[in-house]
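Student: got a predicted structure here, sequence first:
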Amino acid sequence: MLVHIIADSSAKLAGVRSMLEKRYDITSELLHGACVQRCQVDALVVKVDLRAFQNICSLRKTLDSLSHVDKRIFLIDETTHLSTSQAYALGASSVLQGPLNQVKLLKELANCMPAELSPLDAQSAQAAAAGGEIALASMFTAVASGSQIDVHGARNAGGKIAHAIEEHGLSKWLATVRRHHEGTYQHCLLVTGLAVDFGLSLGFPKREIERLYSAAMFHDIGKATIPLSVLDKPGRLDDGERALIETHPGAGYDILKDNDAISPEILDGVRHHHEYLDGSGYPDGLYAQSICDLVRVLTISDIFAALIEDRRYRPPMPRADAYNILSGMDGKLEKPLVAAFKEVALSR
């Protein structure tokens, strides 16, 4: 496989080359350097500061000439939602944040779609996942900058995820998301897919499926108010960090409550997806009679997604083990719903 590296400095170029040249054939170019003759490129690795407008303009022109390359890995030093959003807007297939990490980069380059997925199916699932991440990054960026949230864009992305689940199944969706996405965005994409598939398995009508994927896409928007150093911490949170994380449902509700395009059902899901039937959840300590069906479905999907996602400090938990944990949450989750979720968790 031929990997082409694009960087905005010689030092960055050398750093990436040193990680890859023993494993792959390498070509490279400086972003603002002389034009180069490119061979048939199989994958792109981009190490460019996306905070500089001049870099974005130059990179866009360069990438236009490489439009046939589907695998585009962006390496960004700054762990900000804005840089991630910009990377996906430029066509990234995946984004790796923080200091250069050879293991993660090699893993990303080595990943390929499972054999049972046809190229057309792979493109469809990846496109839905990439579109979902772009919508999520756009929402997080809008919150950080105080600008208007693109509600229609998020719903449209959720609809494409629902279509991908219906067409290709949950297992392929989970594999696609875990392969190409990480952190909070990976979690939201997993929750959306799980909630959709759970709704489909329960025979929900189209309107309820739409509410489910909308609630799932928006459910963690409050995390846009929490530093990425806490959200993506590679280890257990301390008490202060945990308390900060637990502010996100209320923060999400406050962000969305005055938006006329957000229905009361979606607001309910955003605020209450961490509530438990026994009153031990947060932020409002609701009991069973106050928790609606949509929230109960979303909560189960959210917990299961958190257990099976691929985190920086631990590998994904096997689906059977994750379901056993759900089954053991006596009094907190609705038992008939947990039983109905078994097929989603283990078989779909």
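Tutor: Thanks, I have the structure now.
Student: top helix in this protein by residue count?
Tutor: As assigned by DSSP state H, the longest helix anywhere in the chain is helix 119-145.
Student: tell me which residues in the helix or strand just after that helix are buried?
Tutor: Using DSSP states H and E, the helix or strand that directly follows helix 119-145 along the chain is helix 151-168. Buried positions in helix 151-168, judged by neighbour count with 16 or more other CB atoms under 10 Å: 151, 154, 155, 157, 158, 159, 160, 161, 162, 164, 165, 168. The way it works is simple: take the backbone N, C-alpha and C, and place the C-beta from them, glycine included.
Student: let me know the secondary structure of residue 46.
Tutor: Using DSSP: H, G, I helix; E, B strand; the rest coil, the structure places residue 46 in strand.
Student: thinking again about what came up before, from the buried residues of helix 151-168, pick the one nearest residue 238.
Tutor: Distance to residue 238 across the buried residues of helix 151-168 (CB to CB) is lowest for residue 154, with 32.0 Å.
Student: circling back to that earlier point, of the buried residues of helix 151-168, closest to residue 253?
Tutor: Distances from residue 253 to these, taken by CB to CB, are shortest for residue 151, at 14.9 Å.
Student: pLDDT score for the closest residue to the closest one other than its chain neighbours?
Tutor: Nearest residue to residue 151 in three dimensions, chain neighbours excluded: residue 261, at 4.2 Å (CB to CB, 6 or more residues apart in numbering). Here, the pLDDT recorded for residue 261 equals 91.
Student: number of residues surrounding residue 261?
Tutor: As a burial measure, residue 261 scores 12 neighbours (other CB atoms under 10 Å).
Student: what do you get for residue 23?
Tutor: Residue 23 sits with 14 neighbouring residues when counted by other CB under 10 Å.
Student: now the buried residues of helix 151-168 as a markdown table including pLDDT?
Tutor: Output for the buried residues of helix 151-168, formatted as a markdown table (pLDDT from 0 to 100):
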| residue | pLDDT |
| --- | --- |
| 151 | 91 |
| 154 | 91 |
| 155 | 92 |
| 157 | 91 |
| 158 | 92 |
| 159 | 92 |
| 160 | 92 |
| 161 | 92 |
| 162 | 93 |
| 164 | 89 |
| 165 | 91 |
| 168 | 85 |
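Student: now those residues in TSV, with distance to residue 61?
Tutor: Below are these laid out as TSV (distance: CB to CB, whole Å):
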residue	distance to residue 61
151	32
154	30
155	32
157	27
158	32
159	32
160	28
161	31
162	35
164	31
165	36
168	34
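Student: just those residues now: which is nearest residue 323?
Tutor: Nearest to residue 323 among the buried residues of helix 151-168: residue 165, at 18.5 Å, using CB to CB.
Student: grab the nearest non-local neighbour of that closest one.
Tutor: According to CB to CB, 6+ apart, the nearest residue to residue 165 is residue 196 (4.8 Å).
Student: could you count how many residues lie near that neighbour?
Tutor: 28.
Student: sorry, back to before: looks like the residue nearest to residue 151 contacts residue 154 (just checking).
Tutor: No: here residue 261 lies out of contact with residue 154, judged by CB atoms under 8 Å, at a distance of 9.8 Å.
Student: for residue 342, what are its contacts?
Tutor: With contacts defined as CB atoms under 8 Å, 6 or more residues apart in numbering, residue 342 is in contact with residue 323.
Student: that one - that's part of a helix, no?
Tutor: Yes: counting by three-state DSSP, residue 342 is part of a helix.
Student: from residue 14, how far off is residue 30?
Tutor: 11 Å (CB to CB, to the nearest Å).
Student: helices and strands around the longest helix of the chain, which ones?
Tutor: On a contact count with 3 or more CB pairs under 8 Å, 6 or more residues apart in numbering; DSSP states H and E, helix 119-145 meets helix 81-89, helix 151-168, helix 170-180, helix 183-201, helix 206-218.
Student: what about the residue nearest to residue 151, which SS state?
Tutor: Per three-state DSSP, residue 261 ends up coil.
Student: any weak-confidence spans in the stretch 51-200 of the chain?
Tutor: 79-81, 111-123, 179-182 (pLDDT under 70).
Student: so who does the closest residue in space to residue 332 that isn't next to it in sequence touch?
Tutor: Among residues not flanking residue 332 along the chain, residue 276 sits closest, at 3.9 Å (CB to CB, 6+ apart). Residues in contact with residue 276, defined by CB under 8 Å, 6+ apart, are 299, 329, 331, 332, 333.
Student: kind regards, and thank you for your time.
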